[in-house]
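Colleague: need coordinates for the following:
(2 chains, ligands or ions: 1)
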Amino acid sequence: MIAKGQVHKFGDDINTDYIISGQIKFKVQDPYELAKYVMGDIAPGFYKKVKKGDFLVAGRNFGCGSSREQAPIAIKYAGISIVIAKSFARIFYRNCFNLGLPAIELDTDGIDNGDELEVDLDNGTVKNITKGTESKFSPIPQTMQTLLADGGLVEHFKKHGGFKL
Amino acid sequence: MGKTIAEKILSNHSGKDAFAGDIVIADIDFCMGQDGTSGIAIDSFNKMQAKSVFESQKIAMILDHSCPSPNEGVSAIHKKIREFAHKFKINLYDIGCGVCHQLVPEQGYVVPGNLVIGADSHTCTYGAINAFSTGVGSTDFAAAMISGKLWFKVPETMKITYKGDFAKGVYSKDLMLYTIGKIKADGATYMAMEFYGKVIENMSVDARFTISNMAIEAGGKAGLMEADKKTLDWVKKHSKLKPNPQTADKDAKYAKTLEFDVSKISPQIAKPHAVDNVAPIEEVAGTPVQQGFIGTCTNGRMEDFEIAAKILKGKKVKDGCRLVLAPASKTIFLELMKSGIAETLINAGGVFVTPGCGPCVGTHNGVPSDGENVISTANRNFLGRMGNRKAFIYLGSPATVAASVIEGKITDPRKHS
Ligand code: SF4
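Modeller: The predicted structure is shown next:
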């Protein structure tokens, strides 16, 4: 899969409370409605800036903190196609693949807000069209690739009736 | 080749000779979700078109994060959870029973050697009683309810050994804040942690829970301790299940080995808005506070309130300051009443709220005002965590919170003991 879009850049240690606050996660059930509040506490108005297919790019330890699946759900339904970070907190990382949202680990220092990227998930490359650079990322582990191919854990279970990883 | 505690427990549950880096599908002994995560788990369960759960007695749903319900949105989630629990005959802990991470061990669902998952990040708490327990998301919880299994990447392990004894006024909370301050919020990402040392051996099981609970604040997947006599006595008191304690082999391979001398550390404070933004109390003392909070899965246990009551006995919460108290379970609340500790704390000006998460996650029960400072025994002080992004949260031990509310400013507990 090749994805093209614009970068929305965040820093290190963005926790799931920042992605979607505790109050909102209890108030709002509909995923499209939830998406309107994504990053609301730290970047008000973020939702309006995202175009379908854009990338969320961050520093270290993205998605740390609580296990709330509402965080990757809000990101996905806001229209983000892939999350790219230097590193991820593990529960968030698992949740992304369970939802069929790819998360890739890459040194993101050379990527700035507004850059245009082209990401090739199969070949493991990220082209920065704005900067004219290209980098390779560590391959997505086989278990997660299977989940992505099936469209997430729900679809995986529907298809196989249990784990077939 | 030798194995760590995590490698042993995951091998035992997957039937594989598993080492760090391997991916295994393992049988789980218990799984649970809370009211903030179970709603989506039920949706996923239904979307997966499941007709039954793998074993109803090995599943619990706990209404703790937002209870009693503060609004109709939460009421709808609570209703959905009650109906699901009833339909599949799984264990339901309704409002007021307590915080999930207190109830799971207290009600005897977990014993040494177990593999447990929970749809809550602080599920790592039960590592204190030698269980490999870890937090997952809602859809993972749904998959576990259906199949009794989950996939795991066997983690590498970080071994931490503490040297020396605590100085006066220093508690397990200070030790863990100190550790997180040193290794930082992602210091143990993807890793299991193992904790050793005389201070750990000398601690009560209550105090040990505080440490394992906060492993996640360093990114840890599990926060493991060996089971000693204290652990086994504690477990026997709470559970009928048979423990299967696991120790690390001498030649186990560790990703990192750290040693800290704890004999000279002071009470520690995590400053806004990050748990790893830690300073010794000397640097923060004097900061005004308008609210204190004692409770949560980190420090809402019997011993925590005992420590606070000792300091607050015969004293008053300072004018212009408040003290919110949330026992981690109903059982603890009843013990507090019987022992007179509840009375002591109420007389000092403390306000008890329903056993559960209380104001920890900011849905109700003590949301601070703009510009206010809170001193709290919780595990997170993120911006907006307690429901107001214009407030500031400082984390400390129950002793530090008790001393601070007496003076209306962050205060070294050694001054009041
Ligand atoms: S007390 Fe706080 S940290 Fe613990 S489970 Fe409840 S909300 Fe989470």
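
Colleague: who's in contact with residue B:269?
Modeller: With contact taken as CB atoms under 8 Å, 6 or more residues apart in numbering or on different chains, residue B:269 is in contact with B:177, B:278, B:279, B:280, B:281, B:283, B:284, B:394, B:395, B:396, B:400, B:410. In this view, the C-beta of every residue, glycine as well, is placed from N, C-alpha and C.

Colleague: name the SS class of it, please.
Modeller: The local conformation at residue B:269, judged by DSSP: H, G, I helix; E, B strand; the rest coil, is strand.

Colleague: now do the SS call for residue B:320.
Modeller: On the three-state scheme (three-state DSSP), residue B:320 is labelled coil.

Colleague: what's the burial count for the nearest residue to residue B:29 once chain neighbours are set aside?
Modeller: Ranked by CB to CB, 6 or more residues apart in numbering or on different chains and with sequence neighbours excluded, the top spatial neighbour of residue B:29 is residue B:114, at 4.2 Å. Applying the criterion other CB atoms under 10 Å in any protein chain shown, we find 24 residues in the vicinity of residue B:114.

Colleague: hmm, back to that, possible to save the contacts of residue B:269 as a markdown table with neighbour count and pLDDT?
Modeller: Formatted as a markdown table, the contacts of residue B:269 follow (neighbours: other CB atoms under 10 Å in any protein chain shown; pLDDT from 0 to 100):
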| residue | neighbour count | pLDDT |
| --- | --- | --- |
| B:177 | 28 | 98 |
| B:278 | 22 | 98 |
| B:279 | 16 | 98 |
| B:280 | 18 | 98 |
| B:281 | 23 | 98 |
| B:283 | 13 | 98 |
| B:284 | 23 | 98 |
| B:394 | 23 | 98 |
| B:395 | 31 | 98 |
| B:396 | 29 | 98 |
| B:400 | 34 | 98 |
| B:410 | 25 | 98 |
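
Colleague: so which of those residues sit within strands?
Modeller: The strands in this structure, assigned by DSSP state E, contain B:278, B:279, B:280, B:394, B:395 from the contacts of residue B:269.

Colleague: pretty sure the fourth one sits against residue B:284.
Modeller: Yes - counting by CB atoms under 8 Å, residue B:284 is a contact partner of residue B:394 at 6.9 Å.

Colleague: overlap of the contact sets of the two?
Modeller: Residues touching both residue B:394 and residue B:284 by CB under 8 Å, 6+ apart: B:269, B:271, B:410.

Colleague: the last one contacts residue B:283, correct?
Modeller: Which is residue B:410. No - the criterion here is CB under 8 Å, and residue B:410 misses it with residue B:283 at 9.8 Å.

Colleague: between the two ends of stretch B:257-274, how far is it?
Modeller: Between the opening and closing residues of stretch B:257-274 we find a distance of 25 Å, counting by CA to CA, to the nearest Å.

Colleague: may I see the buried residues of it?
Modeller: By neighbour count, and taking 16 or more other CB atoms under 10 Å in any protein chain shown as the criterion, the buried residues in stretch B:257-274 are B:258, B:260, B:262, B:265-274.

Colleague: just the strands in chain A please.
Modeller: Per DSSP E, chain A carries strands over the ranges A:2-9, A:55-58, A:82-85, A:103-105, A:116-120, A:125-128, A:133-136.

Colleague: what distance do you get for residue A:163 to the ligand?
Modeller: Relative to the ligand, residue A:163 is positioned 27 Å away (CB to the nearest ligand atom, to the nearest Å).

Colleague: helix/strand/coil for the residue lying closest to that residue once chain neighbours are set aside?
Modeller: The spatially closest residue to residue A:163, leaving aside those adjacent along the chain, is residue B:25, at 5.3 Å (CB to CB, 6+ apart). What three-state DSSP gives for residue B:25 is strand.

Colleague: what's the helix or strand for residue B:77?
Modeller: Element membership of residue B:77 [criterion: DSSP states H and E] is helix B:72-88.

Colleague: does that helix reach the ligand?
Modeller: No - among the residues of helix B:72-88, none lie within reach of the ligand under CB under 6 Å from any ligand atom; the closest is 13.5 Å away.

Colleague: next one: the next helix or strand after that helix, is it in contact with the ligand?
Modeller: Once helix B:72-88 ends, the next helix or strand along the chain (criterion: DSSP H and E) is strand B:91-93. No - no part of strand B:91-93 sits close enough to the ligand to count as contact by CB under 6 Å from any ligand atom; the gap is at least 12.6 Å.

Colleague: so which elements touch strand B:91-93?
Modeller: The elements that strand B:91-93 packs onto, with contact taken as 3 or more CB pairs under 8 Å, 6 or more residues apart in numbering or on different chains; DSSP states H and E, are strand B:59-62, helix B:72-88.

Colleague: of the ones you listed, flag the one that's most buried.
Modeller: The highest average neighbour count among these, using mean count of other CB atoms under 10 Å in any protein chain shown, belongs to strand B:59-62 at a mean of 27.

Colleague: closest one to residue B:45 among the strands of chain A?
Modeller: strand A:103-105 (23.7 Å; CB to CB).

Colleague: packing partners for the closest one?
Modeller: In terms of contact count using 3+ CB pairs under 8 Å, 6+ apart, strand A:103-105 is assigned the packing partners strand A:82-85, helix A:90-98.

Colleague: need the residues that contact that strand.
Modeller: Counting contacts by CB under 8 Å, 6+ apart, the residues touching strand A:103-105 from outside are A:82-88, A:92-93, A:96-97, A:119, A:121, A:126, A:137-138, A:140.

Colleague: now do it: distance to the chain's middle.
Modeller: Taking the mean of its C-alpha atoms, strand A:103-105 sits 8 Å from the chain's own mean (CA atoms, centre = their mean, to the nearest Å).

Colleague: now that strand: average pLDDT?
Modeller: With pLDDT averaged residue by residue, strand A:103-105 scores 96.

Colleague: quick one: strands adjacent to that strand?
Modeller: In the sheet, strand A:103-105 lines up against strand A:82-85 (parallel) (DSSP bridges).

Colleague: give me the neighbour count for residue 57.
Modeller: Picked chain A for this. 26.

Colleague: sorry, I should have been clearer: chain B.
Modeller: Considering only other CB under 10 Å, residue B:57 is surrounded by 11 other residues.

Colleague: who are the contact partners of the spatially closest residue to it that is not a sequence neighbour?
Modeller: Distance criterion CB to CB, 6+ apart; nearest residue to residue B:57, sequence neighbours excluded, is residue B:91 at 7.0 Å. Residues counted as contacts of residue B:91 (CB under 8 Å, 6+ apart) are B:56, B:57, B:59, B:60, B:61, B:85, B:109.

Colleague: same check on residue B:225?
Modeller: Taking CB under 8 Å, 6+ apart as the definition of contact, the neighbours of residue B:225 are B:127, B:128, B:129, B:130, B:194, B:195, B:196, B:200, B:208, B:211, B:212, B:231.

Colleague: nice, that's everything, thank you.
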